[in-house]
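>>> I would like the atomic coordinates for the input below:
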Amino acid sequence: MIDRKNLSDNELVQNYLKGDFTSLEFLINRYKDKVFSYIVINVKNHHLAEDIFQDTFIKVVRSLNLGKYTDNGKFISWVMRIAHNLIIDHYRREKNMNTYSNDATEIDIFNSQKFSEQNVEDLIINDQILSDVRLLVDELPEDQKQVVIMRHYLGLSFKEIAEQTNVSINTALGRMRYALINLRKMITEKGLNLTRS
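Numbers count the residues shown, from 1 in each chain. This next block holds a predicted model:
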């Protein structure tokens, strides 16, 4: 009997590729909550999140079967990147159909403080802030939007972002700097108040 919980991600992948399908199931279960939470945060629609979640792991299985995954100790980063790309594909399709969901949201990149006490009014205001930030991030140029999402939502380091986008670390840092400048400029231009006070 294999004790899978002590195996690394790569060991589970290798077991799966040798025909042990339970190892893949164990690996998916290891990260399903994290992946699903990330998708829900971005699309803010439970049914859509479930569809993207399923598509993510279908793509993971296909890629593994085609030998497209090479272990670099970053299995979860790879899975999250697949989920991220599927989310972007969804928004591109939505944009092409000239529709936009106003309740799409992401975490607030300006104020990550956990609110210790939140009444209904606080929750409504916070939800509006998240919605405003989501709309602002969507207005950024694609390269800047990508680095913001990878850094703040996927939790990747600038080194990882540079590797995955095939640019230098300085370029990745520069894109983040310009993204923040542009976001601040948009906030000022639109007269938005991204605080609860």
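
>>> Which SSE is immediately downstream of the worst-scoring helix or strand of the chain on mean pLDDT?
In the chain, no helix or strand scores lower on mean pLDDT, DSSP states H and E than helix 120-139, which sits at a mean of 66. Where DSSP states H and E defines the elements, the next helix or strand beyond helix 120-139 is helix 142-148.

>>> Give me the mean pLDDT for that following helix.
Averaged across helix 142-148, pLDDT comes to 86.

>>> try stretch 91-107
Averaging pLDDT along stretch 91-107 gives 57.

>>> What segments of this protein are helices?
9-17, 21-43, 46-65, 75-96, 120-139, 142-148, 158-165, 169-190 (DSSP state H).

>>> Show me which positions of the third one end up buried.
I take that to be helix 46-65. Using 16 or more other CB atoms under 10 Å as the burial criterion, the residues of helix 46-65 that qualify are 48-49, 52-53, 55-57, 59-60. Glycine gets a C-beta too; all of them are placed from N, C-alpha and C.

>>> can you check the longest one too?
Neighbour-count burial for helix 21-43, counted by 16+ other CB under 10 Å, picks out 23-24, 26-28, 30-31, 35-36, 38-43.

>>> now swap in the fourth one and tell me
By neighbour count on 16+ other CB under 10 Å, the buried set for helix 75-96 is 75-84, 86-87, 90.

>>> And the last one, by the same measure?
Across helix 169-190, burial judged by 16+ other CB under 10 Å covers 171-173, 175-176, 179, 182-183, 186-187.

>>> what mean pLDDT would you report for that helix?
Averaging pLDDT along helix 169-190 gives 87.

>>> What is that helix packed up against?
Applying 3 or more CB pairs under 8 Å, 6 or more residues apart in numbering; DSSP states H and E, we find helix 169-190 packed against helix 120-139, helix 142-148, helix 158-165.

>>> again, but for the third one
In terms of contacts (3+ CB pairs under 8 Å, 6+ apart), helix 46-65 is packed against helix 9-17, helix 21-43, helix 75-96.

>>> Redo those helices as TSV? Include distance to I161.
Listed next are those as TSV, based on distance: least, CB to CB, whole Å:
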stretch	distance to I161
helix 9-17	20
helix 21-43	16
helix 75-96	10
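
>>> how about those, which one is nearest D138?
Nearest to D138, of all the helices and strands packed on helix 46-65, is helix 75-96, at 7.4 Å by CB to CB.

>>> Could you dump the helices of the chain into a markdown table and include distance to I2?
What follows is the helices of the chain, written out as a markdown table (distance: least, CB to CB, whole Å):
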| stretch | distance to I2 |
| --- | --- |
| helix 9-17 | 7 |
| helix 21-43 | 8 |
| helix 46-65 | 18 |
| helix 75-96 | 18 |
| helix 120-139 | 42 |
| helix 142-148 | 39 |
| helix 158-165 | 30 |
| helix 169-190 | 39 |
